[in-house]
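Visitor: any chance you can model this:
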Amino acid sequence: MVSGAILRQRTEDPIDFECADQLAFEKGAILAMDTANSREVSGAVLIGAPCAGILAREKIANDGRTRVAMFQRGVFSVVASGAIKVGDPVSIAGGAVEPANENSTGDASGARIIGHALETAAHTEYFQIKLTL
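Guide: Numbering: from 1, shown residues only. Down below sits the predicted model:
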């Protein structure tokens, strides 16, 4: 997995979301909530989509499972999309994490803030964030 999140410190149990049986996701995928059902995941988070969290376990297509566990809190290593400074609020950029707009209070460049950087990182470098959905 190139850009999946890696759990470093678990601070809360993951919560269950519904998903279609035919979907497949790697462990550590950052997933969006389905717009029709806020407790269903639909796929990779795009800019502006509400983030469901980080997948706790791999989901294999057509395995019979229609529920997946999603972390919404914890410390994770993620890939930077752009330069990030320690303490910066961060948002999602198509499976990677980018610095949030410094003027934002809840949305950053059309994307929601998912947490804060615990380290400084360069573009495409792994760094740690505190996930706080």
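
Visitor: tell me how many other residues crowd Arg65.
Guide: By other C-beta atoms under 10 Å, the residues close to Arg65 number 13. Quick note: C-beta positions are derived from backbone N, CA and C, even for glycine.

Visitor: okay, and the helix or strand of the chain with the least pLDDT?
Guide: Ranked by mean pLDDT, DSSP states H and E, the weakest helix or strand in the chain is strand 107-108, scoring a mean of 44.

Visitor: name every strand pairing with the helix or strand following that one and say which way it goes.
Guide: Downstream of strand 107-108, the next assigned helix or strand under DSSP states H and E is strand 111-117. Here strand 111-117 has these sheet partners by DSSP bridges: strand 89-93 (antiparallel), strand 107-108 (antiparallel), strand 126-132 (antiparallel).

Visitor: distance check, the residue sitting furthest away from the middle of the chain against Ala56.
Guide: Within the chain, Gly64 marks the point farthest from the mean C-alpha position, 23.9 Å out by C-alpha atoms, centre = their mean. From Gly64 over to Ala56 the distance is 18 Å, taken as C-beta to C-beta, to the nearest Å.

Visitor: Cys51 bridge partners, please.
Guide: Ala32.

Visitor: tell me, how many residues neighbour it?
Guide: 22.

Visitor: residues in contact with it?
Guide: Shown in contact with Cys51 (C-beta atoms under 8 Å, 6 or more residues apart in numbering): Ile30, Leu31, Ala32, Met33, Val45, Ile92, Arg112, Ile114, Leu133.

Visitor: work out for me the element Ile54 sits within.
Guide: Using DSSP H and E, Ile54 sits within strand 51-55.
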